[in-house]
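Asker: Quick one: sequence and predicted model below, then my questions.
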Protein chains: 2
Amino acid sequence: MNIGDAARLSGLPPKTIRYYEDISLVVPARSDNGYRAYSANDVHKLQFVQRARGLGFPIEHCRTLLSLYEDQNRASADVKAIAAEHLTEIEAKIEELKALRKTLKHLVDNCHGDDRPSCPIIDGLAGPDH
Amino acid sequence: MNIGDAARLSGLPPKTIRYYEDISLVVPARSDNGYRAYSANDVHKLQFVQRARGLGFPIEHCRTLLSLYEDQNRASADVKAIAAEHLTEIEAKIEELKALRKTLKHLVDNCHGDDRPSCPIIDGLAGPDH
DNA sequence: CCTTGACCTTCCAGTGACTGGAATCATTAT
DNA sequence: ATAATGATTCCAGTCACTGGAAGGTCAAGG
């Protein structure tokens, strides 16, 4: 199957799929005419990566997860370790964003937002001593 | 003042400060020897950008905020609009990450994490029909 | 006067994960 | 025969830096 069909089945744009070949993540065979020829298994792998990326796994994690996906003798502990690490990162990111939101919300709430120049947001960004 | 002092006072690495000149965000004067010469006002601007970036404002927002910071006749409504937009984006990002966390946590919690190959995380990524 | 070391300069390239666009080739439909 | 669609490669751009190389400048110590 050509790249267009693989794209439709995996939900990934052709550009992205070519990129995945570039970085040796999912490498298809080639037809006689030079077109990429995706097998059903290739498409499964693309779908797998699409889901993993959708969960925010970085490409290198996807690469490891793919090799574990293909390895019938993998230990589930290996997979769990990667996922748990990623989960920790996501939780840290959430906390970071919550702190940002708090600060920003405080600034926004205290800005009257009219046509006068006085503005607590600007003052907050300028720092305590200005 | 040279770039090293500006870096210490603003909390930004010299590389980043040079980059900010490259993109015309904070452009210092030059000394006779060709060194960048940062005024106290330049350093204030760098500090301003450092705080705004720390709150996750993208550079182009920082550029606008900086021009509003310098404009004594600005309307606080203009500032508030930018900050409120950014706040909305942060809130959306938080919700997105929470959804990710939920899915991922579900997968991790259901993986026994031993040396057996069976793994709900891999199965979840492989999709419903595999 | 010379050297050492800290600091500064520019330029080039790489990051992550694509995305856009141009020029060209292959296949299919009319 | 031609037009549309879809494929190919390659180059460049995104965002916000970051690293490194090669070289210029300056103050202090011997």
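Answerer: Sure thing, it's come through. Numbering: from 1, shown residues only, chains lettered A, B, ... in the order given.

Asker: what's in contact with stretch A:32-40?
Answerer: Contact with stretch A:32-40 is made by A:1-3, A:5-6, A:17-18, A:21, A:28-31, A:46, as judged by CB atoms under 8 Å, 6 or more residues apart in numbering or on different chains. For glycine as for every other residue, the C-beta is placed from the backbone atoms N, C-alpha and C.

Asker: Contact partners for A:L68?
Answerer: Neighbouring residues of A:L68 by CB under 8 Å, 6+ apart: A:R74, A:D78, A:V79, B:C119, B:I122.

Asker: From A:A84, how far off is the residue nearest in space to the middle of chain A?
Answerer: Nearest residue to the geometric centre of chain A (CA atoms, centre = their mean): A:G56, 3.5 Å. Taking CB to CB, to the nearest Å as the measure, A:G56 falls 14 Å from A:A84.

Asker: what's the burial count for A:L100?
Answerer: When counting by other CB atoms under 10 Å in any protein chain shown, one arrives at 19 neighbours for A:L100.

Asker: Distance-wise, check it relative to B:P13.
Answerer: Per CB to CB, A:L100 is found 21 Å from B:P13.

Asker: Contact residues of chain A facing DNA strand D?
Answerer: Taking CB under 7 Å from any atom of the strand as the contact definition, chain A meets DNA strand D at A:N2, A:I3, A:G4, A:D5, A:A7, A:P14, A:R18, A:G34, A:Y35, A:R36.

Asker: The same query, at a cut-off of 10 Å, please.
Answerer: Within chain A, the positions lying close to DNA strand D (CB under 10 Å from any atom of the strand) are A:1-8, A:14-15, A:17-19, A:21-22, A:28, A:30-31, A:33-38.

Asker: Check those for burial and list the buried ones.
Answerer: A:M1, A:I3, A:A6, A:A7, A:I17, A:P28, A:R36, A:A37, A:Y38 (16 or more other CB atoms under 10 Å in any protein chain shown).

Asker: Sort out which of these are in strands and list them.
Answerer: A:R36, A:A37 (DSSP state E).

Asker: Pull out the buried positions in stretch A:71-88.
Answerer: Counting neighbours by 16+ other CB under 10 Å, the buried set in stretch A:71-88 is A:R74, A:A75, A:S76, A:D78, A:V79, A:K80, A:I82, A:A83, A:A84, A:H86, A:L87.

Asker: ignore the last one, stretch A:63-70
Answerer: A:R63, A:T64, A:L65, A:L66, A:L68, A:Y69.

Asker: can I get the contacts of stretch A:32-40 in CSV with distance to chain B and pLDDT?
Answerer: Below are these laid out as CSV (distance: CB to the nearest CB, whole Å; pLDDT from 0 to 100):
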residue, distance to chain B, pLDDT
A:M1, 18, 95
A:N2, 22, 96
A:I3, 20, 96
A:D5, 17, 96
A:A6, 15, 96
A:I17, 17, 96
A:R18, 22, 95
A:E21, 20, 95
A:P28, 19, 96
A:A29, 21, 96
A:R30, 26, 96
A:S31, 26, 95
A:L46, 11, 96
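
Asker: Output these as TSV; include the columns distance to A:D114.
Answerer: Listed next are the contacts of stretch A:32-40 as TSV, based on distance: CB to CB, whole Å:
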residue	distance to A:D114
A:M1	60
A:N2	59
A:I3	55
A:D5	57
A:A6	55
A:I17	51
A:R18	52
A:E21	55
A:P28	60
A:A29	65
A:R30	64
A:S31	65
A:L46	53
